[in-house]
Every structure is written in C-alpha cells, then in structure tokens.
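Peer 1: next input, structure requested:
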Amino acid sequence: MTSSSTPAPGSPLPPGHRRPLRRLTARGRGESHRVATPLELFFDLCFVVAIAQAGIQLVHAVAEGHAGEGILNYAMVFFAIWWAWMNFTWFASAYDNDDILYRVVTLIQIAGVLVLAAGVSRAFEDHEYQAVVLGYVIMRLALVTQWLRVAGSSEGPERSMALRYAGGVLLCQIGWVGLVVLPEDVRPWVFLVMATLELCVPPFAERAHPTSWHPHHIAERYGLFTIIVLGETIAAATVAVKTGIDENDALSDVLPIAAGGLLIIFAAWWIYFVVPIHGHLRSNKQAFLWGYGHYVVFASAAAIGAGLEVAVEQTVGKAHISTLAASAAVTLPTALYLLTVWLLHSRHYKVGIAQQLVLPTTALLVICCTFLGDWAVLAAGLVSALAVATGETLTARMAGRGRRTETRTPVA
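Peer 2: Sure thing, here's the model as predicted:
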C-alpha cells in the first residue's frame, strides 16, 4: 500500500508535476484512496443521454403494442451502450494516467456515444443502424488507440495482452458493419454472434496476463453507474406522472403508480448498496462474471423507468395495451433486477437460508403483483419495501445473536 502523500506507481501525478504526455503504464491494485475521477463521472453522465433515448423508444414500442420488437431493439442498443461503458471503465481502472492524450481520446469516446444516442430513434422506428454502428465504432476505435498506447509503453506478456485487446476489438468492428449492410431478418443473429465475440475478447486477451484493475475503484464505478441509471429512471417516471397530471388531470389515477414506482426505486438502491461488493472481486473469473452480469442489472433498472412511463400512459388512455401488459412492463424488469442483484451481488454476503431466500421470494411476489390490475405497481412497491425491511431485520437479529455469543464466550 502506498501512503496518501506519495502517488502509487503509474498513478497520475499532482497537477503541478503532470507532464502533458506520459507513458501509459499499469496502475497498482494496492493504491490507497483510489476514487472515480471527474473525467469518469463526466463520461457516465454523457452515457445517460443514450440510456434515456433507448428508454424513450422502449416506452413507445411497448405502449403501441410492439413489446417483443421493442425489447429486442432495446437489448441490442443497450448492449452497445453498456459494453462500451464497461470496457472504458475496466481499462481506466488499470491504466488511467490522466495525460492530455488520454483525456482527448476519452472525449472522443464520449462523442461516439452521443452519435449512438442520436441514432437510437431511427434504429427503433426504421431499423436503420447506421448512426448507432458509427457511434459504436468511434468509441471502440478510440479504445483501440488506448490499447496500442499500452502496447507501446510495455513489454513481454503485458504487451501481448494489449495487442490482443487491440486486435480483438478491431476485428469485432468489422463484424458490426453487418448490422448495416445485411438484410433485416438476419440482423438479430449477427448481433448475437458479434456480442458473443465481443464478450470473448477480454478473457482471450488476459489469459496470460491480467490487467491490474482496482477492486475498490471498480466497485465504486459500477455503483455510481447504478445510481445514474436509477436516477434516470426516477426522472423518466416523474416526467410521465407530471404529464399525466397536467394533460389529463389524473392525479388520483397516477398516484398509486408514482408511489409504487418510488418504493421500487428506493428498494432497488437499498438492495444494491447494502453489501460491500469489492471484497468479492478477488480474481478475474469472479470479476468477469460479476461485470458481465451487470448488463442485466443496468438494463432492467433502466427498463423499470420505461415501464412506469408505460403504466402512466395506459392509465390515462394514451397507451394501446391492457392493464395487465402495462403492469408487466413494471413488475417483470423489477423482478429481473432483484433476482440478478441477488445472484451476482447480494448472495455472497447472505448467511443462512432465510437471508438467501429474501430476494428470490420477493422477485416471485413482484411477478404475482402483475395480476392485481390498477394496484399492481403499488403492490410491487410495497413488496419491494417489505423485502428491505425483512433483510434488515434478519441482519440485525444475526448481529444480535453474534454479540450475545461473544459475551458468553469466556476469555482465555
């Protein structure tokens, strides 16, 4: 561990000592006080634009009765957003040197996600992916540049790892062009193949030399992005409720949805952050499974906001779907979020069968709430809040039993 007054090897120097261009070398996993940088926070906020666009288009598709097509498009677009964000995050955790070129290349990646966001509506409505693919390619080519910088600043296994990353990412971009030039009916299959290949690049590149990502930093970065996604969900739901009240004077109708939605989002935040996940990230295998699984966590969290919008639109008569379908638009992503957070995140810190069953049981009960008609969202919110209360009660009881056991144990 390094002291707080001495920068760790490879870490950015204080502003007065920073050189404009420096070698892009690995940072240490033992750095103290490693936190997200302003550039990383700016990067995350710009990604919210793309997430918001994907959510808006998902709302339109579900509200018009095209849920299957909308979910498929949402899954494809969200993968591009999430994968670009995740690759930058893990790269930055290992190699952020904060020099001028690093900053410029990161800003180019941000420009790429804005191009992608601008093309989301055309991808959903007209199945035209030119802008989405262009934005994605911009982001990924910028990342290739960063990996080539690492290769130029290292040698041996680390250099080979960086070159594998650069080559793997570059080859995948050729395949993504197929979404633009191939017939529409084969695009989902092309997407499935290319997504699988993209997921294989990190394990392939790091098979002999893992990157030196920082567990605390990674946990913080994922936590911050979870907060941002949940914040976007709150914003989308708030706008929907406001519109329902302003345009239809439907306060009494939308109030149960607003209350239930707020309880769901509060519970989602509580459940995610109740455990210190950085202690679980001890190896690349654990980190890969945890990091990849967050595609479902982030996508389902963002979909909750879209579902709340759909529920409001259905209540005020603007959505051409049944109450059951509108309720499912909220309850299904909520249940998926709860189950995935438990599977990836919470179960590693739960002790005993009672604690382990809280979230899976809650997910099942939330699904059952789908059939409660106009009260489905409120019921799902109450069930989610009850899960938090139950989990905290079980934890407190276990802590109390532990203290009593320590008190009764004689000191040798």
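Peer 1: would you put the C-alpha positions of stretch 130-138 in CSV?
Peer 2: This file holds the C-alpha atoms of stretch 130-138, laid out as CSV (Å, rounded to 0.1, in the frame of the first residue of the first chain):
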residue,chain,number,x,y,z
GLN,A,130,-26.0,3.4,-39.4
ALA,A,131,-25.7,6.1,-36.7
VAL,A,132,-25.7,3.5,-33.9
VAL,A,133,-23.0,1.5,-35.5
LEU,A,134,-21.0,4.6,-36.4
GLY,A,135,-21.1,5.8,-32.8
TYR,A,136,-20.2,2.4,-31.5
VAL,A,137,-17.2,2.2,-33.9
ILE,A,138,-16.0,5.6,-32.9
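Peer 1: could you pull out the buried residues of it?
Peer 2: For stretch 130-138, the neighbour count (16 or more other C-beta atoms under 10 Å) marks 131-138 as buried. In this view, the C-beta of every residue, glycine as well, is placed from N, C-alpha and C.
Peer 1: which of these lies closest to residue 97?
Peer 2: The nearest member of these to residue 97, counting by C-beta to C-beta, is residue 138 at 21.8 Å.
Peer 1: find the nearest non-adjacent residue to the closest one, please.
Peer 2: residue 112 (3.2 Å; C-beta to C-beta, 6 or more residues apart in numbering).
Peer 1: can you pull the contacts of residue 94?
Peer 2: By C-beta atoms under 8 Å, 6 or more residues apart in numbering, residue 94 lies in contact with 26-27, 211-214.
Peer 1: ok, now residue 306?
Peer 2: 55-56, 58-59, 62, 236, 329, 333.
Peer 1: widest-spaced pair of those residues?
Peer 2: Most distant of the contacts of residue 306, by C-beta to C-beta, are 56 and 333, 15.5 Å apart.
Peer 1: average pLDDT for stretch 376-389?
Peer 2: Mean per-residue pLDDT for stretch 376-389: 95.
Peer 1: quick thing: my sequence starts at 887, can you match it?
Peer 2: Happy to do that; since the first residue is 887 now, the last one works out to stretch 1262-1275.
Peer 1: only alpha carbons, please: show it as PDB.
Peer 2: What follows is stretch 1262-1275, C-alpha atoms only, in PDB (Å, rounded to 0.1, in the frame of the first residue of the first chain):
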ATOM      1  CA  ALA A1262     -50.100  -3.800  -9.400                       C
ATOM      2  CA  VAL A1263     -47.400  -1.200  -9.300                       C
ATOM      3  CA  LEU A1264     -48.200   0.000  -5.800                       C
ATOM      4  CA  ALA A1265     -48.300  -3.600  -4.600                       C
ATOM      5  CA  ALA A1266     -44.900  -4.300  -6.200                       C
ATOM      6  CA  GLY A1267     -43.500  -1.300  -4.500                       C
ATOM      7  CA  LEU A1268     -44.800  -2.400  -1.100                       C
ATOM      8  CA  VAL A1269     -43.400  -5.900  -1.600                       C
ATOM      9  CA  SER A1270     -40.000  -4.400  -2.500                       C
ATOM     10  CA  ALA A1271     -40.000  -2.200   0.600                       C
ATOM     11  CA  LEU A1272     -41.000  -5.200   2.700                       C
ATOM     12  CA  ALA A1273     -38.100  -7.100   1.300                       C
ATOM     13  CA  VAL A1274     -35.700  -4.400   2.500                       C
ATOM     14  CA  ALA A1275     -37.300  -4.300   6.000                       C
END
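Peer 1: which residues touch it?
Peer 2: Counting by C-beta under 8 Å, 6+ apart, 1142-1143, 1145-1150, 1152-1154, 1156-1157, 1194, 1197, 1209, 1213, 1216-1217, 1220, 1224, 1244-1245, 1247-1248, 1251-1252, 1255-1256, 1258 sit against stretch 1262-1275.
Peer 1: go again using 6 Å as the cut-off
Peer 2: 1142-1143, 1145-1146, 1149-1150, 1153, 1156, 1197, 1213, 1216-1217, 1220, 1244, 1248, 1251-1252, 1255-1256, 1258 (C-beta atoms under 6 Å, 6 or more residues apart in numbering).
Peer 1: list the buried residues of that stretch.
Peer 2: 1262-1271, 1273-1274.
Peer 1: show me where pLDDT drops low in the stretch 1187-1298 of the chain?
Peer 2: Applying pLDDT under 70 to the stretch 1187-1298 of the chain flags the ranges 1234, 1285-1298.
Peer 1: show me where it has its helices.
Peer 2: 1209-1230, 1238-1254, 1262-1294 (DSSP state H, counting those that start in this stretch).
Peer 1: what's the closest of these to residue 1032?
Peer 2: Going by C-beta to C-beta, the one of those nearest residue 1032 is helix 1209-1230, 27.1 Å.
Peer 1: what packs against that closest one?
Peer 2: Where contact means 3 or more C-beta pairs under 6 Å, 6 or more residues apart in numbering; DSSP states H and E, helix 1209-1230 is packed against helix 1137-1159, helix 1170-1201, helix 1238-1254, helix 1262-1294.
Peer 1: the inter-axis angle of it versus helix 1238-1254?
Peer 2: Between helix 1209-1230 and helix 1238-1254, the angle comes out at 160 degrees (axes from the mean of the first three to the mean of the last three C-alpha atoms, to 10 degrees).
Peer 1: hey, C-alpha coordinates of helix 1209-1230 in PDB?
Peer 2: Taking Å, rounded to 0.1, in the frame of the first residue of the first chain, the C-alpha atoms of helix 1209-1230 are listed here in PDB:
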ATOM      1  CA  THR A1209     -53.700  -3.100 -17.800                       C
ATOM      2  CA  LEU A1210     -52.000  -6.500 -17.400                       C
ATOM      3  CA  ALA A1211     -49.400  -5.600 -20.100                       C
ATOM      4  CA  ALA A1212     -48.800  -2.200 -18.600                       C
ATOM      5  CA  SER A1213     -48.300  -3.800 -15.100                       C
ATOM      6  CA  ALA A1214     -46.000  -6.400 -16.500                       C
ATOM      7  CA  ALA A1215     -43.900  -3.600 -18.000                       C
ATOM      8  CA  VAL A1216     -43.000  -2.600 -14.400                       C
ATOM      9  CA  THR A1217     -43.100  -5.900 -12.500                       C
ATOM     10  CA  LEU A1218     -41.100  -8.000 -14.900                       C
ATOM     11  CA  PRO A1219     -38.000  -5.800 -15.000                       C
ATOM     12  CA  THR A1220     -38.300  -5.200 -11.300                       C
ATOM     13  CA  ALA A1221     -38.300  -8.900 -10.600                       C
ATOM     14  CA  LEU A1222     -35.400  -9.400 -13.100                       C
ATOM     15  CA  TYR A1223     -33.400  -6.700 -11.300                       C
ATOM     16  CA  LEU A1224     -34.000  -8.200  -7.800                       C
ATOM     17  CA  LEU A1225     -33.100 -11.700  -9.000                       C
ATOM     18  CA  THR A1226     -29.900 -10.600 -10.800                       C
ATOM     19  CA  VAL A1227     -28.700  -8.400  -8.000                       C
ATOM     20  CA  TRP A1228     -29.100 -11.400  -5.600                       C
ATOM     21  CA  LEU A1229     -27.400 -13.800  -8.000                       C
ATOM     22  CA  LEU A1230     -24.400 -11.600  -8.700                       C
END
